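*Asks:* Provided below for reference: sequence and predicted model.
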Amino acid sequence: PLARQLLAAPTLRAPAPHAPTLPEMGDYYCSGELSGPMIANIAVASVRAVGCAVTLAAVGLGMAKVGMMTPELARGLSQFSVRLAIPALLFSSVVPGVSGRVLSFAWPLLLLPALNLLLGLLAGLLTVVVVQPPEDFRLGTVAACSFGNTQGIPIVLLSVMQQSLGRAAFANLADPLLFLSLELLTYPLLQWLLGLALLRFAGVSENEDSPQLTTTAPGLTDSGSLLGGRSRPLRRTRREPGAASHSYIPMLADGENAAEQFGRPTLSNASSRDASALHIGDAGSSWADHAPGLCEGCRRAALRVGRRSLAVVRLVARRALIPPALGVALGVLVGLYDKGLVLPPEVAPLGWLYLAIEKLGAAAVPVNFVLLGAALASPPAPDTVPPTTVLGITAARLLVLPCLGIGVARLLVGAGLPVPVAMADPFWLVVLVVNAAPTANNIVALAEIAGDDRRAMSAAIFYQYCAAPLLLPGVLTLFVVFVCHTREMAARSDL
């Protein structure tokens, strides 16, 4: 009953005349009007959020330094996080809060990743023009600016910010991870499609002398057949022997990509499986040969269209149905149609299962940041990537994109989304936070496939993580001030 009452509360766009005022309902991230002391409190909460992340990362850094975090352990924990911990966390966050009313105003979050990726792409192109990165790292520069970490870092930042600033009585009912989960339903697929487009733009071409590619990024081998009409071998960057072993970031990227594909180990294996699954030539010939009136050209064209269409369906399904997205989708189904199966967990028939999933999901945040700390244990060589390129990528991802994200949020506020007061602050914070994260680890594989410098991409991610503790507190403070100012302006307009 309390949840239904709060969801029926007035929205920021059109509050009911008889509804209680914001102070009567309880303040969320800000108590009262914005002032110097209030902004200072927000800054303290932002530092606490980043401090929590830094502390967890320091544990992983120490483990790597003393030899506890071996490469095999890092890969295994990375796969555990992507396959089990993060899906469990998202499932347990979605089930309690999802409803038809929530989806009625939060549906733009499903489309927001496309806009964020477009902004990142534009920022990457601008960075290439301004800093002039090396020839073999131009695509890598664009990718580093385009693809942000949408899971580990936003999850811990949102969780700690919610604990530090969620003062309202209904804070527990408006979990920001609920809104982040909706974005994660579509982001992996859109990321993959943009990655294919970048590969095509980079001119990944046939090279008979290139060695077989065995990095873990299933599905990208088929970029030629999907985007150019021909299946083409992909290039790989020349690497010095053992170069990958000097950094944990490529290992984490390999682990994440392998986990997202349910254990498909290599590009070559994935390609062979697709070939066997898509082996329709003989079957197609049998029906085409017996179909009267079909000319040879029509038969071949039909076969090509059939193969390509089936390949598209298979690859899109594979990239869309990754474990985190499946966890969110299952949580939405349970939350919408039979929440009573798991809630309240103390008395629900499957409450014991929900509690187990919740405990498993609680491991996602510490595991991710322990892995992040381990990735920082091996600094890259000083000449791996030019300093101007590092500064350009870091500024684009951690300064320019957050400002562009505020512009996007302002447009959505002006569009009058009917966000209930009880959920407004976490909703807008999620819209903003996803634009403030460093580059995703799994983009290292994309750089290698496109022929860019894999070590340069790892170095760019390394330096972003080093700069994040210094820049994120200010960015988060700016975000929360924007959220509180938006709610304050909405309250004044209703007086």
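*Replies:* Perfect, thanks for sending it.
*Asks:* in the stretch 251-400 of the chain, which segments are predicted with low confidence?
*Replies:* For the stretch 251-400 of the chain, the stretches flagged by pLDDT under 70 are 251-296, 315.
*Asks:* Phe479 and Pro402 touch, don't they?
*Replies:* Yes: between Phe479 and Pro402 there is a contact under C-beta atoms under 8 Å: 7.4 Å. All C-beta spots, glycine's among them, are computed from the backbone N, C-alpha and C.
*Asks:* helices or strands up against the helix or strand harbouring Val54?
*Replies:* Taking DSSP states H and E as the criterion, the element that holds Val54 is helix 36-65. Contacts of helix 36-65 with other secondary structure elements, assessed using 3 or more C-beta pairs under 8 Å, 6 or more residues apart in numbering; DSSP states H and E, are made with helix 152-165, helix 364-375, helix 454-493.
*Asks:* of all these, which lies closest to Val421?
*Replies:* Nearest to Val421 among the helices and strands packed on helix 36-65 is helix 454-493 (7.6 Å), distances taken as C-beta to C-beta.
*Asks:* ok and that closest one relative to helix 152-165, angle-wise?
*Replies:* Taking axes from the mean of the first three to the mean of the last three C-alpha atoms, to 10 degrees, one finds helix 454-493 and helix 152-165 inclined to each other by 30 degrees.
*Asks:* buried residues in helix 454-493?
*Replies:* Residues 454-465, 467-468, 471-484, 486-487, 490-491 are the ones in helix 454-493 that count as buried (16 or more other C-beta atoms under 10 Å).
*Asks:* gap between it and the chain center?
*Replies:* Taking C-alpha atoms, centre = their mean, to the nearest Å, the mean C-alpha location of helix 454-493 is offset from the chain mean by 15 Å.
*Asks:* sorry, back to before: pull the CA atoms of the helix or strand following the helix holding Val54 into CSV?
*Replies:* Toward the C-terminal end, the helix or strand that comes next after helix 36-65 (DSSP H and E) is helix 71-80. Extracted in CSV, the C-alpha atoms of helix 71-80 (Å, rounded to 0.1, in the frame of the first residue of the first chain):
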residue,chain,number,x,y,z
PRO,A,71,45.9,-14.0,-13.9
GLU,A,72,43.8,-17.1,-13.6
LEU,A,73,42.0,-15.8,-10.5
ALA,A,74,41.4,-12.4,-12.2
ARG,A,75,39.8,-14.1,-15.3
GLY,A,76,37.7,-16.3,-13.1
LEU,A,77,36.4,-13.5,-10.9
SER,A,78,35.7,-11.4,-14.0
GLN,A,79,33.5,-14.2,-15.4
PHE,A,80,31.9,-14.8,-12.0
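*Asks:* Which strands or helices does helix 71-80 pack on?
*Replies:* Helices and strands touching helix 71-80, as assessed by 3+ C-beta pairs under 8 Å, 6+ apart, comprise helix 248-260, helix 364-375.
*Asks:* buried stuff in that helix?
*Replies:* Along helix 71-80, these residues count as buried under the neighbour rule (16+ other C-beta under 10 Å): 71, 74-75, 77-80.
*Asks:* what is the mean pLDDT for that helix?
*Replies:* The average of the pLDDT scores along helix 71-80 is 88.
*Asks:* Would you tell me what the next helix or strand after it is?
*Replies:* Using DSSP H and E, the helix or strand that follows helix 71-80 towards the C-terminus is helix 86-97.
*Asks:* That following helix vs helix 152-165, what angle?
*Replies:* Angle of helix 86-97 versus helix 152-165, following the same axes, to 10 degrees, is 40 degrees.
*Asks:* on that earlier part again, rebuild the helices and strands packed on helix 36-65 as JSON lines, extending it with distance to Leu184.
*Replies:* Compiled in JSON lines, the helices and strands packed on helix 36-65 are given as follows (distance: least, C-beta to C-beta, whole Å):
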{"stretch": "helix 152-165", "distance to Leu184": "9"}
{"stretch": "helix 364-375", "distance to Leu184": "13"}
{"stretch": "helix 454-493", "distance to Leu184": "19"}
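*Asks:* Quick one: closest of those to Gly60.
*Replies:* Shortest separation from Gly60 across those is recorded for helix 364-375, at 2.8 Å, computed as C-beta to C-beta.
*Asks:* Which residues belonging to the next helix or strand after that closest one are considered buried?
*Replies:* Elements were assigned by DSSP H and E; along the chain past helix 364-375, the next helix or strand is helix 387-395. Taking 16+ other C-beta under 10 Å as the neighbour-count basis, helix 387-395 is seen to contain the buried residues 389-390, 392-395.
*Asks:* For Val131, state which of those is nearest.
*Replies:* Comparing these against Val131 with C-beta to C-beta places Gly392 closest, at 3.7 Å.
*Asks:* which stretches of the stretch 1-150 of the chain aren't confidently modelled?
*Replies:* 1-28, 31-32.
*Asks:* rewinding a little: taking the buried residues of helix 387-395, tell me the two that lie furthest apart.
*Replies:* Set against one another by C-beta to C-beta, the buried residues of helix 387-395 have their most distant pair in Thr389 and Ala395, with a gap of 10.9 Å.
*Asks:* distance between stretch 407-423 and the chain's centre?
*Replies:* Counting by C-alpha atoms, centre = their mean, stretch 407-423 is centred 22 Å from the centre of its parent chain.
*Asks:* In contact with the spatially most central residue of the chain, which residues are there?
*Replies:* With distances taken as C-alpha atoms, centre = their mean, Thr150 lies nearest the centre of the chain, 2.6 Å away. In this structure, Thr150 makes contact with 113, 180, 183-184, 187, 434, 437, 440, judged by C-beta atoms under 8 Å, 6 or more residues apart in numbering.
*Asks:* any chance you could map the helices in the stretch 301-450 of the chain?
*Replies:* Taking DSSP state H, counting those that start in this stretch as the criterion, the stretch 301-450 of the chain contains helices spanning 323-337, 351-361, 364-375, 387-395, 401-415, 421-433, 443-449.
*Asks:* Mind putting those into CSV with distance to Val44?
*Replies:* As requested, these are exported to CSV (distance: least, C-beta to C-beta, whole Å):
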stretch, distance to Val44
helix 323-337, 31
helix 351-361, 28
helix 364-375, 21
helix 387-395, 25
helix 401-415, 19
helix 421-433, 16
helix 443-449, 33
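*Asks:* Could you identify which of these is most buried?
*Replies:* With neighbours defined as mean count of other C-beta atoms under 10 Å, these peak in mean count at helix 443-449, which reaches a mean of 27.
*Asks:* Would you confirm that Leu126 contacts Leu401?
*Replies:* No: in this structure, Leu126 is not within contact of Leu401 by C-beta under 8 Å, at 11.1 Å.
*Asks:* on that earlier part again, can you check which residues contact both of Phe479 and Pro402?
*Replies:* Each of 432, 436 lies in contact with both Phe479 and Pro402 under the rule C-beta under 8 Å, 6+ apart.
*Asks:* before we move on, back to that, worst average pLDDT in the helices and strands packed on helix 36-65?
*Replies:* The stretch with the lowest mean pLDDT among the helices and strands packed on helix 36-65 is helix 152-165, which comes in at a mean of 79.
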